[in-house]
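Visitor: my questions are about this predicted structure, shown below with the sequence.
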Amino acid sequence: MNNTLKQKSSNLNNYLEESKSNFLVIILLIFTIFYLSHLSYSIGFAFSTTTPLLLLIYLYFIIKKNRKIIPWVFFLSIFILVTSLLVVFFHFDYKLIFFPGNIVIGLLLSSILSKNEFISIVKIGSIIILMLLIGSIIAFIIVLYDPKPYLNYITPGLRVIGFYYTSLGTPIWTPYGTIIRGNAIYDEPGTFSFLICSFVLFRDFFKLSKRFSFILLLLGLVTFSLAHYIFLSLFLLREIKIKNIKWILFTLIIVFIFSINNTLITRLFEYSFSERLFSNTNSLSEGNNRMPHILKDINTIESGDFYNLFLGNNHENCCSPLYPFAQFGFYGGWPYYVFLILLLFFSIFNKNILILGSTFLWLQRPSLTSSGYSFIGTMIIIIIINDFLIRIRDSKEIITL
């Protein structure tokens, strides 16, 4: 009788522990997938409303569940806040603390995740992304026959985005007709593509199914994102091996068939590729949708004084790789540039071309301090640095033996 009661009590405790772990997984899924969407702001998600809850969750798992405080994460978080406070005081704008705060919250929560919890986030997140992709493809097909949106969604920035029954979409005119670039639940297709590629990188970290990763990237072409084309190409280059040659051949055959038939889809991809690089062929800066932002940031940096160099100009001009420096100066912008350096270093150290591909994505989207992006970025850092530290520890043990 006593043994039965003990067994039931043990099962109950295990169930409660698993439920709490699942709760942490759900929270991180919300803040990596849903928080990227402007829809989150529509229901009240914001730094000021979510931070108290996230800090309480972090403290609960530290105090009650005996999760460890990782020293380098703690001191890095303090250093980020201290340097950023200088920017806040200089501009007399307390809201500026929200930007480094997003990084700190992401670091703290990511640091208490177990490996199994990380894997659960990636697996469940991959399924959610697959469902979003299917919705985007259905919407793309619908628009080929009926380009009118079912309804319009107005973002907090007053942008109007059409909802096409199963997905938000960005309509674009081409010489071959109007189509949409698949947005899923995001304000633009590039954000959706960024999420897809980031989760493929996570899947690669934990050695999850490459076939499923390839399917996600292939379906992700519905975003018509130039960065997505590049990331998919790097993925295929990395997977060119004898045992995977059938998948490469399958892809090449499909591409060849489309090219021979000169189908609408092929022409749309050709058009979107050339349009993203040169909408006018006179120069790189003329028609390139990124160059004006870079030039504006350069002008902002040059027009500032010595103090602005270190403390920023607090201007809004997303997105270019110079934006964090122009907005927050050296003291506020350094986390983004250190992040890029770390990605480059680990792409070489780990001989991982997908980390290099992720670096390109972050160069295009310097939004490490933004909600949603901050959680993805800090998860990447926690994973690769923990892996690096484990390798160093194991090598020391081998040397000692």
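Guide: Received the coordinates, thanks.
Visitor: now the strand or helix carrying residue 134: average pLDDT?
Guide: Per DSSP states H and E: residue 134 is located in helix 115-145. Computed over helix 115-145, the mean pLDDT rounds to 93.
Visitor: next SSE after that helix?
Guide: According to DSSP H and E, the helix or strand after helix 115-145 is strand 151-154.
Visitor: identify each buried residue in whichever helix or strand comes after that following strand, please.
Guide: Next helix or strand after strand 151-154 toward the C-terminus (DSSP H and E): strand 160-163. Neighbour-count burial for strand 160-163, counted by 16 or more other C-beta atoms under 10 Å, picks out 161, 162, 163. For the C-beta atoms, the positions are set from N, CA and C on the backbone; glycine is no exception.
Visitor: got the contact list for the second one?
Guide: When contacts are counted by C-beta atoms under 8 Å, 6 or more residues apart in numbering, residue 162 touches 149, 150, 151, 152, 153, 168, 169, 171, 180.
Visitor: hmm, 7 Å instead?
Guide: Taking C-beta atoms under 7 Å, 6 or more residues apart in numbering, we find residue 162 in contact with 149, 152, 168, 169, 171.
Visitor: on that earlier part again, now do the helix holding residue 134: which elements does it pack against?
Guide: helix 2-29, strand 177-184, helix 189-205, helix 210-219 (3 or more C-beta pairs under 7 Å, 6 or more residues apart in numbering; DSSP states H and E).
Visitor: again, only this time at 6 Å
Guide: When contacts are defined as 3 or more C-beta pairs under 6 Å, 6 or more residues apart in numbering; DSSP states H and E, helix 115-145 sits against helix 2-29, strand 177-184, helix 189-205.
Visitor: so which of the buried residues of strand 160-163 comes closest to residue 352?
Guide: Using C-beta to C-beta, residue 161 comes nearest to residue 352 of these, at 34.7 Å.
Visitor: quick one: the closest one and residue 46, what's the gap?
Guide: For residue 161, the distance to residue 46 equals 20 Å [C-beta to C-beta, to the nearest Å].
Visitor: one step back: which of the contacts of residue 162 has the weakest pLDDT?
Guide: residue 171 (81).
Visitor: burial check on the closest residue to it other than its chain neighbours, number of neighbours?
Guide: Nearest non-adjacent residue to residue 171, counting by C-beta to C-beta, 6 or more residues apart in numbering: residue 180, 5.2 Å away. Residue 180 has 24 neighbouring residues, counting by other C-beta atoms under 10 Å.
Visitor: against residue 358, how distant is residue 180?
Guide: 26 Å.
Visitor: which SS class is the residue lying closest to residue 204 once chain neighbours are set aside?
Guide: Sequence neighbours aside, residue 354 is the residue nearest to residue 204 in space, at 5.3 Å (criterion: C-beta to C-beta, 6+ apart). Here residue 354 is recorded as helix under DSSP: H, G, I helix; E, B strand; the rest coil.
Visitor: and the helix holding residue 134, which residues are buried?
Guide: 117-126, 128-130, 132-133, 135-140, 142-143.
Visitor: and the angle for it with helix 189-205?
Guide: Going by axes from the mean of the first three to the mean of the last three C-alpha atoms, to 10 degrees, helix 115-145 is angled at 140 degrees with respect to helix 189-205.
Visitor: give me the distance between helix 115-145 and the centre of its chain.
Guide: 14 Å (C-alpha atoms, centre = their mean, to the nearest Å).
Visitor: next one: stretch 181-193
Guide: Stretch 181-193 has its average C-alpha position 12 Å from the chain's average C-alpha position, going by C-alpha atoms, centre = their mean.
Visitor: also stretch 109-121?
Guide: Stretch 109-121 has its C-alpha centroid displaced from the chain centroid by 16 Å (C-alpha atoms, centre = their mean).
Visitor: next: stretch 334-348.
Guide: 15 Å.
Visitor: and stretch 228-243, by the same measure?
Guide: Taking C-alpha atoms, centre = their mean, one finds the center of stretch 228-243 at 20 Å from the center of the full chain.
Visitor: that one: which residues count as buried?
Guide: Neighbour counts using 16+ other C-beta under 10 Å place 228, 229, 231, 232, 234, 235, 236, 238, 239 of stretch 228-243 among the buried residues.
Visitor: confidence score at the second one?
Guide: Residue-level confidence at residue 229 comes out at 89, pLDDT.
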